[in-house]
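Peer 1: Got a sequence here, can you model it:
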Amino acid sequence: MSVQAESNGSDHPIEVVLVTGMSGAGRTTVANVLEDMDWYVVDNLPPQMMRPLVELVARADGALPKIAIVIDAKGRTKYTELQETISDFVDQGLSLRIVFLDASDEVLVRRFESTRRPHPLQGEGTLLDGIEAERAELESLKHRADIIVGTSDLNVHQLSAEVRKRFSDDDTPPLRLTVMSFGFKYGLPKDADHVADVRFLPNPYWIPHLRGHNGLDSDVAAYVLEQNGAEEFIERYAATLSTVAEGYLHEGRGYAMIGIGCTGGKHRSVAISERVGRLLSAQTGIPVAVRHRDLGRE
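Peer 2: Numbering: from 1, shown residues only. A predicted model of the protein is given here:
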């Protein structure tokens, strides 16, 4: 649904997507991916609250331009209300994109059995009874869907990649990378996906006029980068990370953190992290944030 929010004399288009479909077909995965892509995601919203939510967001002056509403539509009353709400939007000339997630009965049965949970509509019957009941209720909604995604042959990573492909735009980076310098004396970063040790380079700490400075200072950076093996390490490590980043993109991963450490996290790791971050961004075209965890601790 496209709603124009009129605030302070400016128009802010709001993009709204309704995510629904069969239980076990991947609604939670889709919601998580959209949230990682900076969508405002609301799960299990009662259908009658959809329009008030959009109208409220429309008055937020563009603060939440993309909304994803996840609705399971289980139960006859809830399903009827959802159909009426969608019809109301259409009657008023508002467009609503509906994403319907589906999978074969066999696959859905297998997924529910793997989680050892009953189907929400199963009642006293079998898993297949619940699946068939839900499929019958959602049939007309499926026909109204703008996008139907069959997930029978998709794993979580493949479904995530499919969602990113369909909903990414020029303002949404497919992968966010962070390069973080740190000091081994303060411990490894607990959330690092890769760790490099640059303590093989001479330590500027032992150079009196550099000791009080850090790797962000030009004199320290120049000293570190001119050491034997520094540039070779940077180029090879950035090339390796570029290959890894391509793999992450293929698998639909949204974030990764690279830790680069020296003794105290003040000189060598800072200078190397800055250089690796710039080179990695240039090679991949992916935004790279550079952070310095332990800078200033000494």
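
Peer 1: Strands of the stretch 51-200 of the chain, residue ranges please.
Peer 2: 66-70, 97-102, 147-150, 176-183, 194-197 (DSSP state E, counting those that start in this stretch).

Peer 1: quick one, which of these is packed in tightest?
Peer 2: Mean neighbour count, computed with mean count of other C-beta atoms under 10 Å, is highest for strand 176-183 among these, reaching a mean of 23. All C-beta spots, glycine's among them, are computed from the backbone N, C-alpha and C.

Peer 1: Tell me how far the residue of the chain positioned farthest from its centre lies from residue 70.
Peer 2: The centre of the chain is farthest from one residue, residue 208, which by C-alpha atoms, centre = their mean lies 45.4 Å away. Distance check for residue 208 against residue 70: by C-beta to C-beta, to the nearest Å, it reads 61 Å.

Peer 1: Equivalent analysis for residue 228, please.
Peer 2: Taking C-beta to C-beta, one finds residue 228 at 56 Å from residue 70.

Peer 1: Just the residues contacting stretch 231-239, thanks.
Peer 2: 196, 198, 225, 272, 275, 276, 279, 280, 283 (C-beta atoms under 8 Å, 6 or more residues apart in numbering).

Peer 1: buried stuff in it?
Peer 2: For stretch 231-239, burial by neighbour count (16 or more other C-beta atoms under 10 Å) applies to 233, 234, 237, 238.

Peer 1: Dump it to PDB, keeping only the CA atoms.
Peer 2: C-alpha atoms of stretch 231-239 as PDB (Å, rounded to 0.1, in the frame of the first residue of the first chain):
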ATOM      1  CA  GLU A 231      51.200  -4.300   2.600                       C
ATOM      2  CA  GLU A 232      51.500  -7.900   1.500                       C
ATOM      3  CA  PHE A 233      49.400  -9.000   4.400                       C
ATOM      4  CA  ILE A 234      46.800  -6.300   3.900                       C
ATOM      5  CA  GLU A 235      46.400  -7.100   0.200                       C
ATOM      6  CA  ARG A 236      46.200 -10.900   0.700                       C
ATOM      7  CA  TYR A 237      43.900 -10.600   3.700                       C
ATOM      8  CA  ALA A 238      41.600  -8.200   1.900                       C
ATOM      9  CA  ALA A 239      41.500 -10.500  -1.100                       C
END
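
Peer 1: and that stretch, how far from the chain's centre?
Peer 2: With C-alpha atoms, centre = their mean, to the nearest Å as the basis, stretch 231-239 stands 28 Å off its chain's centre.

Peer 1: Report the mean confidence score over that stretch.
Peer 2: For stretch 231-239, mean pLDDT is 96.

Peer 1: switch to numbering from 38
Peer 2: Yes, from this point I'll number from 38; that puts the last item at stretch 268-276.

Peer 1: just the helices in the chain please.
Peer 2: Using DSSP state H, the helices found in the chain span residues 64-73, 87-95, 113-128, 142-152, 164-181, 193-204, 245-248, 255-262, 267-288, 305-321.

Peer 1: quick one: residue 216 and residue 327 touch, right?
Peer 2: Yes. If you go by C-beta atoms under 8 Å, residue 216 and residue 327 touch, sitting 5.0 Å apart.

Peer 1: Highest mean neighbour count out of the helices of the chain?
Peer 2: Scoring those by mean count of other C-beta under 10 Å, the most buried comes out as helix 305-321, with a mean of 23.

Peer 1: Could you tell me the angle between that one and strand 213-220?
Peer 2: On the basis of axes from the mean of the first three to the mean of the last three C-alpha atoms, to 10 degrees, helix 305-321 is oriented at 160 degrees to strand 213-220.

Peer 1: Compute the mean per-residue pLDDT across helix 305-321, please.
Peer 2: Rounded mean pLDDT across helix 305-321 is 95.

Peer 1: which other helices and strands contact that helix?
Peer 2: Judged by 3 or more C-beta pairs under 8 Å, 6 or more residues apart in numbering; DSSP states H and E, helix 305-321 is in contact with strand 213-220, helix 255-262, helix 267-288, strand 292-299, strand 325-329.

Peer 1: Those into JSON lines, with extra columns for distance to residue 67?
Peer 2: What follows is those, written out as JSON lines (distance: least, C-beta to C-beta, whole Å):
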{"stretch": "strand 213-220", "distance to residue 67": "19"}
{"stretch": "helix 255-262", "distance to residue 67": "44"}
{"stretch": "helix 267-288", "distance to residue 67": "16"}
{"stretch": "strand 292-299", "distance to residue 67": "18"}
{"stretch": "strand 325-329", "distance to residue 67": "26"}
